[in-house]
Structure formats: structure tokens, C-alpha cells
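K.L.:
Need a 3D model of the following:
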Amino acid sequence: MKTWGTILSITALSGALLSGCASSTDKPAGGAATPADKAPAKTAAALVPEKQLVVAGNGSTVEQLMKDEIFKKFNQKYPDVKLTYVSGVSTEIVAKVKAQKASPQIDVTVIEGGEQEGGRVEGLWEPLSDQSIPNMKKVNADLKVKDNSGVAVNYTPMGISYNAEIVKAKGLPIPTSWNDLAKPEMKGNLTIAEISSNFGRSALIMLAYANGGSENSMDPGFEKFKTMAGYMPTFAKSSAQLQQDLQNKTAAYTTWTQARSLVQKDAGLNLEFVVPKEGTNLVPNVATIVKGAKDPNAAQLFIDFLLSDEVQVLYGQKLYYNPAVPVTLPKDIADKLNFDRSKVVKLDLEAVGKNTSQWLDRFNKEVAPKVGK
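P.N.:
Here you go, the predicted structure:
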């Protein structure tokens, strides 16, 4: 049964995603033309792909799925397109696109929503059209990206993961609140990413919300982070380090996404995932076409393919991402992806993107010096 109901109730996310999502009639940043200012977009059927396509996105399991399955399936439809994958974290990819602005070397990016919004403000993306990417029409309105500067291809909630085995053995608390991360019992049992990572930044923002603040009032979050810094020998510089800390059992708790937690549980870690009582922010992965991309036709066809039922099901089955379009998933997968959508906190991505550099400076000056003290 193809439905929003028992499988993935995306319509229940009404108002849940970020105010960075807006009407496609808005004028893009940097003076970029909207689709209305340009000649009408070609239909997908009229697009003839170029002979190559360069896609940039996250590494690890995301890269593996892209190379091992998605690329191969795309080449079954378009065998003459040579596909190249550039892996990196979202912030690195945006920085690379910006550095290559005069001569783009990347055609498509698939990056997290906050970083995509930052790139939109910088004028890095081409506006997308559902004429040439018809599967965009299936994406729920609450997942729409501002100025149609990209399209969400999946999403996942943020929360707290904990090693149930260690927590039970040590008599540690099962977390129910973001504020539990600052409890004294966390000392020596916590690993958190730096706020240059979305995992750390989201925890900072949600700790602000849990204590009366927001992305526009971050003092409460920074105060909690100062306490947490004293519980750890260092802040993790990557998701790989978070994973290692959990695998070697030097930490029992971390903050990251439901998708990451479920993937690691499948890999053998005894992890449980909690959406704290104060709420969760959603992390959409957004596909964009780089402004001035050398292979725009192949790029549009590839993004449309990412939104196909076939790939959307793969995202759910292989990486535990919630699909961006209504698709039928096996019941066991749908059950694992279910979470209380009433707890979704609507963040202002534009404010997050605007303030991140200031938060990084403050983190380095006020939080980092308190590590291990």
C-alpha cells in the first residue's frame, strides 16, 4: 500500500522543517535568476545527458551506497555517462564548490540542509525546475527548499544514542532530555562532535531550546556545552571519531542522527536512539546543481533518479533515511524509522547559516579551553 500512514507519514511533518524552505517564487541570493527569468526548462524527456557527471557527498556508508548501487542503477539507464564521486563532509564540499566558483569541477552535491542553505546565500546553486526534474512534484511541500535551490532527497531526526550494554553495566541513566548530557554521570562516558559538524551543532542548538533559548538565543546552549566539555578529553573532529569512541567503549553516549544510530546498530553496536522530550531537529539531505556545472543535463537526470521510488526505497533500507517522497517500505524498516513527529522543532536554517561562523569563534574561545577540566 503506497501511503503516508503506517509507513512514513511525511505529511505529519507539517510546519516541521525549516523556514529556509519557501516558495519557488522567491528571488535567489546573489542575484541568481529564478526559473521564471530564464527560458523555459527542458522536459526530462528532452534532456540528452553529457558523457560525464561529478557528484559530491558524504563518505562512509553513503559513498558506498552511491558507488555500489545508485551509480550502477543510473548507468543501466544511461550507460554512456561516466560517474565520479567526491566524498567529504558537507562543510568541506560547500567550501570546495565556493573555491571552484570560477571553474566548477563538481556538478551535483548531496549535502545537509544547513550547509545547502549557506551555499544558497553564497549563490552557489542553480535553481531547479520540476519540468526537467519531474519527481520533484512528489516531494512533500514541507520539504521544499528555498528558491528551489535544491531538493531534499531524504531526511532523518537528530537525537541521543547510547550504548545500552554500558549504561546497564555502569548503572548510568537512560537519557530522556537534552539536559541529561550535562549530568555529572556523563563524565568519562560522553563523546560529542565539534560544532563544525552538524552532529555537534544540532546538539548545541537543541540544548539552547531545552533551556529557553533558540538558534537566535544561544547562551543557554553554550553554558551546557561548557559543562559537557569538562566531561571529555576532546571534542570529536568527525563522525568517524564518534563511531570509534562508541566501538571501543570509551564512551556510552553521543548525539547524532537516527539513521547513523541504526546503521551502527546493524554493524554490531548495542545502540539505542532517543528523541529527547524537548524535541528534535530534522536533518534533510539536499541535492543541488552547482551554478555553472559543466554537465547540467546529466545532473538533472541524476537528481530525478535520486527521487525515484527505487532509490528512495534504497535510502530507507540501506541507510535508514526517511524517504522524501511517499514510497512503500518493508514494515520492519518503516517501524524502525518511525518517531514522534510532534516533537520536531522548526529551525530557522537561514539564521543557523548566518550565525555558524560566530558560534565557531565562540566555541573555540569559551568551550574548547574547558575540555577535560
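
K.L.:
would residue 162 count as being in a helix?
P.N.:
No - per DSSP: H, G, I helix; E, B strand; the rest coil, residue 162 lies outside any helix segment and is strand.

K.L.:
burial measure for it, as a count.
P.N.:
25 (other CB atoms under 10 Å). C-beta: built from backbone N, CA, C; applies to glycine.

K.L.:
bridging residues for the nearest residue to it once chain neighbours are set aside?
P.N.:
Leaving out its chain neighbours, the residue that sits closest to residue 162 by CB to CB, 6 or more residues apart in numbering is residue 253, at 4.8 Å. On the basis of DSSP bridges, residue 253 is bridged to residue 162, residue 190.

K.L.:
Touching, residue 253 and residue 187? I think so.
P.N.:
No - assessed by CB atoms under 8 Å, residue 253 is found out of contact with residue 187, at 11.1 Å.

K.L.:
who's more crowded, the two?
P.N.:
When residue 253 and residue 187 are compared on other CB under 10 Å, the one with more neighbours turns out to be residue 253, at 25 against 12.

K.L.:
residues in contact with that one?
P.N.:
By CB atoms under 8 Å, 6 or more residues apart in numbering, residue 253 lies in contact with 160, 161, 162, 163, 175, 181, 186, 189, 190, 191.

K.L.:
so how far is residue 344 from it?
P.N.:
From residue 253 over to residue 344 the distance is 22 Å, taken as CB to CB, to the nearest Å.

K.L.:
same thing with residue 271?
P.N.:
Note on residue 271: its distance to residue 344, by CB to CB, is 22 Å.

K.L.:
all strands for the protein, in order.
P.N.:
Taking DSSP state E, the strands of the chain run over residues 52-57, 82-87, 108-112, 151-163, 253-257, 271-274, 282-289, 322-323.

K.L.:
quick one: contacts for residue 264?
P.N.:
Contact criterion CB under 8 Å, 6+ apart gives 161, 243, 246, 271 as the residues in contact with residue 264.

K.L.:
change it to 6 Å
P.N.:
Under the criterion of CB atoms under 6 Å, 6 or more residues apart in numbering, the neighbours of residue 264 are residue 271.

K.L.:
same thing with residue 357?
P.N.:
When contacts are counted by CB under 6 Å, 6+ apart, residue 357 is found next to no other residue.

K.L.:
let's number from 53 now, not from 1
P.N.:
Okay, residue one is now 53; in that scheme the one you just asked about reads as residue 409.

K.L.:
now the helices for the stretch 153-302 of the chain?
P.N.:
Assigned by DSSP state H, counting those that start in this stretch, the stretch 153-302 of the chain shows helices spanning 165-173, 216-222, 250-261, 271-281, 291-299.
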